[in-house]
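In: Let me see the structure of the following:
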Amino acid sequence: MEAIYRLARERGVAIECADLGDWGAAELRAEYDPAGPTIRINARALQRLPAEERDAFAARAVAHELYHHAERLGEIPHRADPIARERAADDFACEMLRCHD
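Out: Residues are numbered from 1 along each chain as shown. Below is the predicted model of the structure:
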């Protein structure tokens, strides 16, 4: 999992934990802010998890948001459909975690 954090640093992306607010029944795991660029992991979501699951959750969230960073840079084609974009980011995260751990 450390490889995902290293990759984010190499790409110039900061990683923070932050309270991303209450989303009701939906859960916002993380967000990508291109202005930083920064990935913010939802501190509320982390706190609800058992300690042994937090590292995997955070690594998956970072990998997912790195997709959005690559998309923003034009390295990955932008998908107009937000559902397809999120699905692609999830697939990207799964592949990244498989390849880097």
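
In: buried residues in whichever helix or strand residue 59 is part of?
Out: Residue 59 belongs to helix 51-72 when assigned by DSSP states H and E. Neighbour-count burial for helix 51-72 flags 57-69, 71 (criterion: 16 or more other CB atoms under 10 Å). For every residue, glycine as well, the C-beta is placed using N, CA and C.

In: For the helix or strand following it, which helices and strands make contact with it?
Out: Next along the chain after helix 51-72, taking DSSP H and E as the criterion, comes helix 82-100. The contact analysis (3 or more CB pairs under 8 Å, 6 or more residues apart in numbering; DSSP states H and E) places helix 82-100 against helix 2-10, helix 51-72.

In: Which of those helices sits closest to residue 20?
Out: helix 51-72 (10.7 Å; CB to CB).

In: Off-centre distance for the closest one?
Out: 3 Å (CA atoms, centre = their mean, to the nearest Å).

In: Let's see the pLDDT reported for the closest residue to residue 85 other than its chain neighbours.
Out: Closest residue to residue 85 apart from its sequence neighbours, by CB to CB, 6 or more residues apart in numbering: residue 79 at 4.2 Å. pLDDT for residue 79: 92.

In: Spell out which helix or strand contains residue 16, please.
Out: Assigned by DSSP H and E, residue 16 falls within strand 14-18.

In: buried residues in the following helix or strand past that strand?
Out: On the C-terminal side of strand 14-18, the closest following helix or strand by DSSP H and E is strand 30-33. Across strand 30-33, burial judged by 16+ other CB under 10 Å covers 30, 32, 33.

In: just stretch 37-55 next, same as before
Out: Buried, per 16+ other CB under 10 Å, within stretch 37-55: 37, 38, 39, 40, 41, 42, 45, 46.

In: residues in contact with it?
Out: Here stretch 37-55 makes contact (CB atoms under 8 Å, 6 or more residues apart in numbering) with 1, 8, 11-20, 22, 27-33, 57-58, 61-62, 65-66, 69, 72.
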